[in-house]
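[1] predicted coordinates and the sequence they were generated for:
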Amino acid sequence: MGKRLRSGFTTGACAAAAAKAATLALMEGLCPEEIAIPFPDGSRKTFRVHTCRTTEGGAIASIIKDAGDDPDVTNGAEIIASVSTGRKRLGAGNCVLLGNIRLCRGEGVGQVTKPGLAVAVGEPAINPIPRQMIRQAVQEVTGGEKITVIISVAGGEELAKKTLNSRLGITGGLSILGTTGIVRPISADAWTATIKASLDVAKEAGLTEVVLSTGRTSEKGAQQLLKLPEEAYAMMGDYLEFSLKEAAQRAFATVHLAGMWAKVMKAALAIPQTHVRHGALEVADGVGLLASLGAAGELLGKIEGANTAREMYDHLEAADRQDLILAVCRKAREYCQGVTGGAVHVYLVNHKADLIAHD
């Protein structure tokens with residue numbers, strides 16, 4: 001049996017932990033050695049505080065990111081939070097207001113300059129869930145008191161050169177990311193073993209249908225429509241083709257595939273492994289796909305200028321082209337059916353786990 005892989009924490013979770021530690025030092029004058037913060041799933045996790053000190057009118061604390069057994073370029077990076085009371089003034093585009101908290105990007109954290117991302121153009125590249133985590137963590141100490149939190153990453157601008165940030169229009173540093181706070185190891189051996197085991201359980205349970213999802217959010221979206229027992233659900237991560245082949249080997253009568261837009265587009269483009277490290281979705285490929293499905297004129301022009309798959313979707317939605325969104329789902333289904341040789345249904349889910357299209 002292979003070694004059990006260790007999960008780690010996202011940059012967003014580390015930023016929230018650093019922010020709370022610094023806030024505690026600011027409000028109580030004592031630097032904690034460890035700090036516990038709430039996570040989106042309702043759990044609480046504890047972090048070891050790397051550095052912490054009070055300053056005149058403020059405090060600074062940092063966390064060393066541990067990505068577990070799924071190290072990326074930010075593994076070992078020092079995520080730093082500097083806090084001060086009131087609303088410290090920084091340049092335009094460096095800060096956003098989150099209730100009583102003014103959240104700002106510091107050195108090594110990027111700024112969004114192109115549309116199509118989860119964060120608006122001009123804002124710090126701190127994604128929505130990390131913002132929520134930082135706010136909740138800090139408010140456990142401050143209540144409603146106004147406070148400024150500046151998130152920095154030591155060496156972040158240099159580390160960002162090893163990411164897709166430049167291509168995505170994120171300048172000046174890294175993005176503060178994460179949707180669950182947890183980095184789950186994606187070792188091929190671990191993932192594929194888990195996928196096989198999940199499908200075996202479904203088969204042994206006598207099920208004829210199985211649901212392959214790219215993640216927990218996609219799975220929740222599919223569960224809104226499908227009333228299947230829990231054994232029917234297998235989280236495949238980015239192992240699209242592998243999972244489809246494994247499902248086919250077990251002769252499930254129907255495979256349901258649930259994913260978000262970028263993953264569904266990759267399936268429509270017949271990309272067998274959908275993780276970004278195996279290649280970001282090429283805009284030209286996405287444009288070609290949508291053009292082949294009927295996008296034209298002004299809409300196609302907007303899609304050609306899109307920065308990301310998400311922005312392409314935004315243009316389709318703004319143009320009320322549900323037909324094209326559904327056509328992409330059907331194209332994804334064609335690819336999946338080509339792999340399994342059997343019936344496949346595709347479910348498109350958004351980041352709130354809402355089911356927005358299915359075929």
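    That came through fine. If you're wondering where the values come from, they're calculated on a predicted model, not measured in any experiment.
[2] now the nearest residue to residue 217 once chain neighbours are set aside: how far from residue 47?
    Of all residues not flanking residue 217 in the chain, residue 353 sits nearest, at 4.9 Å (C-beta to C-beta, 6 or more residues apart in numbering). Backbone N, C-alpha and C define where each C-beta goes, glycine included. Distance of residue 353 to residue 47, given as C-beta to C-beta, to the nearest Å: 27 Å.
[3] which one of those two has more residues nearby?
    Taking neighbours as other C-beta atoms under 10 Å, residue 353 and residue 47 compare with residue 47 leading, 24 against 18.
[4] show me what the more buried one is bridged to.
    For residue 47, the beta-bridge partners under DSSP bridges are residue 35.
[5] distance of the residue nearest to residue 217 relative to residue 134?
    As judged by C-beta to C-beta, residue 353 and residue 134 stand 22 Å apart.
[6] go on, residue 102?
    Look at residue 102 and residue 134: by C-beta to C-beta, they are 11 Å apart.
[7] try residue 165
    Relative to residue 134, and taking C-beta to C-beta, residue 165 is found at 20 Å.
[8] looking at the two, which one has more neighbours?
    Neighbours around residue 165 and residue 134, counted as other C-beta under 10 Å, are more numerous at residue 134. The numbers are 28 against 21.
[9] and the more buried one, which of the three is it?
    Of the three states, residue 134 takes helix according to DSSP: H, G, I helix; E, B strand; the rest coil.
[10] surely it touches residue 151?
    Yes. In this structure residue 134 lies within contact range of residue 151 using C-beta atoms under 8 Å: 7.4 Å.
[11] which residues are common contacts for the two?
    Residues touching both residue 134 and residue 151 comprise 15, 19, 103, 126, with contact defined as C-beta atoms under 8 Å, 6 or more residues apart in numbering.
[12] what's the most distant pair in those?
    Spatial extent of the shared contacts of residue 134 and residue 151 (C-beta to C-beta) is set by the pair 19 and 126 at 10.8 Å.
[13] need the residues touching each of these two.
    Common contacts of residue 19 and residue 126 (C-beta under 8 Å, 6+ apart): 134, 151.
[14] tell me which of these two has more neighbours.
    residue 19 (32 against 28).
[15] dump the residue contacts of the more buried one.
    Per C-beta under 8 Å, 6+ apart, neighbours of residue 19: 61, 81, 83, 134, 137, 138, 149, 151.
[16] let's verify the closest residue to it other than its chain neighbours: helix, strand, or coil?
    Distances taken as C-beta to C-beta, 6+ apart place residue 81 nearest to residue 19, at 4.0 Å, with adjacent residues excluded. Put simply, residue 81 is strand when judged by three-state DSSP.
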